[in-house]
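J.: What follows is a predicted structure for the sequence shown.
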Amino acid sequence: MAKTSAGLLPFRRRDGALEVFLVHPGGPFFAKKDAGAWSMAKGEIEPGEDPLAAAQREFTEETGQNIAGAFVPLGECRQAGGKRVIVWAVAADFDANTIVSNNFELEWPPRSGRRQIFPEIDRAQWFGLDEARRRINKGQAALLDALVKRVTAGSAPIPSAT
């Protein structure tokens, strides 16, 4: 059975354009990958856990940021490996350079017996929609369109950054 994750897609308006906050996975498997490797901050929902609470917990663990506000459901997507991802948008504005990620341990190189610690997220950035579509995991791209629909329908307030 495919795993289910929950995530948040922070958004803001900068110089009149809509921007979204994406994260790049840390560790050796993604070190040299860019286009198609970025994602919304997300993580697995624990048994019995409320999906929105899981999304908020994972966002804080991966970025060190706590976000409050009106969480707008964007729906869900399925990634290439079958993982189901449920996502909420939230209006926010913070410095992407201030993220502090949790870490994970991995045997690296494989079969070396050597354990190394890597950040779960090695960088984060605000992107305009065109650039976000180029960089985001292809399975999550439809959620950018869902965000645009919600914002243009006026159901999600957009903060203006200066």
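T.: Perfect, thanks for sending it. Numbers count the residues shown, from 1 in each chain.
J.: and the residue positioned nearest the centre of the chain, what is it in contact with?
T.: For the chain, Met40 is the residue whose C-alpha lies nearest the centre (C-alpha atoms, centre = their mean; 1.4 Å). Remark: with contacts taken as C-beta atoms under 8 Å, 6 or more residues apart in numbering, Met40 is in contact with Gly7, Leu8, Leu9, Leu22, Val23, Val85, Val87, Ile136, Gln140, Leu143. To be clear about C-beta, it is placed using only N, CA and C from the backbone, and glycine gets the same treatment.
J.: Looking at the residues you listed, spot the one nearest Ser101.
T.: Ranked by distance to Ser101 (C-beta to C-beta), the contacts of Met40 are led by Val23 at 8.1 Å.
J.: Contacts for the helix or strand harbouring that closest one, please.
T.: Secondary structure from DSSP states H and E places Val23 in strand 17-25. By C-beta under 8 Å, 6+ apart, the residues outside strand 17-25 that reach it are 9-13, 30, 34, 37-41, 62-63, 92, 96, 99, 120-129, 132, 135-136, 144, 147-148, 151, 158, 161.
J.: hmm, which of those are the buried ones?
T.: Buried by 16 or more other C-beta atoms under 10 Å: 9-13, 30, 37-41, 62-63, 92, 96, 99, 120-121, 124-127, 129, 132, 135-136, 144, 147, 151, 158, out of the contacts of strand 17-25.
J.: Quick one: mark the members of these that sit in helices.
T.: Those of the buried ones among the contacts of strand 17-25 mapping onto helices are Glu62, Thr63, Leu129, Ala132, Arg135, Leu144, Leu147, Val151, per DSSP state H.
J.: Take those residues and lay them out in a markdown table including distance to Leu106.
T.: Formatted as a markdown table, those follow (distance: C-beta to C-beta, whole Å):
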| residue | distance to Leu106 |
| --- | --- |
| Glu62 | 16 |
| Thr63 | 20 |
| Leu129 | 33 |
| Ala132 | 28 |
| Arg135 | 24 |
| Leu144 | 30 |
| Leu147 | 32 |
| Val151 | 38 |
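J.: Most widely separated two among those?
T.: The span of these, defined through C-beta to C-beta, is set by Glu62 and Val151 at 23.7 Å.
J.: Could you spell out the sheet neighbours of the longest strand seen in the chain, each with its direction?
T.: Assignment by DSSP state E gives strand 4-14 as the longest strand of the chain. Strand 4-14 pairs in its sheet with strand 17-25 (antiparallel), strand 41-44 (antiparallel), strand 84-91 (parallel), strand 160-161 (parallel), by DSSP bridges.
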